[in-house]
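Chemist: Sharing a model prediction with you, sequence too.
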Amino acid sequence: MFARTSTLLLLAVLALGAAGASKEKQLRDDIIACSTQPGDEVLAHFQVSDEGHNLGKASLDITYPPEDEPEATAINCIIVKDLMPNTGAVATLTSGGIGSTRITVHLESSFTKGLSFSIKLMGQR
């Protein structure tokens, strides 16, 4: 009886661990952070792609707004979607965030793979 209970408990723990691991991977693929406000509009919406490299990783830093453009009043929604899921590409918000006037998103593929992301920013001008 004890061995059966221990086996069931071990299986339950392994199942929970596998579910947590898949959720963690999903969080690495996409960034969705929104605190929309009345009057928000689309500040930018674009797609970024890189076919990959034979002996390395594709790596891009996207800054909004570009250095030569005025900053927004507030960025209230950041949506970064991986358009090529299951390739190991990741998106990381490296500066700024909700309420910021400027953000930088770092995109990186896995070794020899490409990447393709859609980035949509909403906020106040």
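Modeler: Perfect, I can see it now.
Chemist: residue ranges with poor pLDDT in the protein?
Modeler: Flagging of the chain using pLDDT under 70 yields the residue ranges 1-28.
Chemist: could you show me where the helices are in it, in order?
Modeler: 2-29 (DSSP state H).
Chemist: all strands for it, in order.
Modeler: Applying DSSP state E to the chain gives strands spanning 31-34, 41-50, 59-64, 74-82, 90-95, 103-108, 115-124.
Chemist: Identify each buried residue in the last one, please.
Modeler: I take that to be strand 115-124. 115, 116, 117, 119, 120, 121, 122, 123 (16 or more other C-beta atoms under 10 Å). Just so you know, the C-beta spots here come from the backbone N, C-alpha and C atoms, and that holds for glycine as well.
Chemist: so which of these comes closest to residue 85?
Modeler: residue 116 (9.9 Å; C-beta to C-beta).
Chemist: Now do the contacts for residue 34.
Modeler: 76, 77, 78, 79, 98, 122 (C-beta atoms under 8 Å, 6 or more residues apart in numbering).
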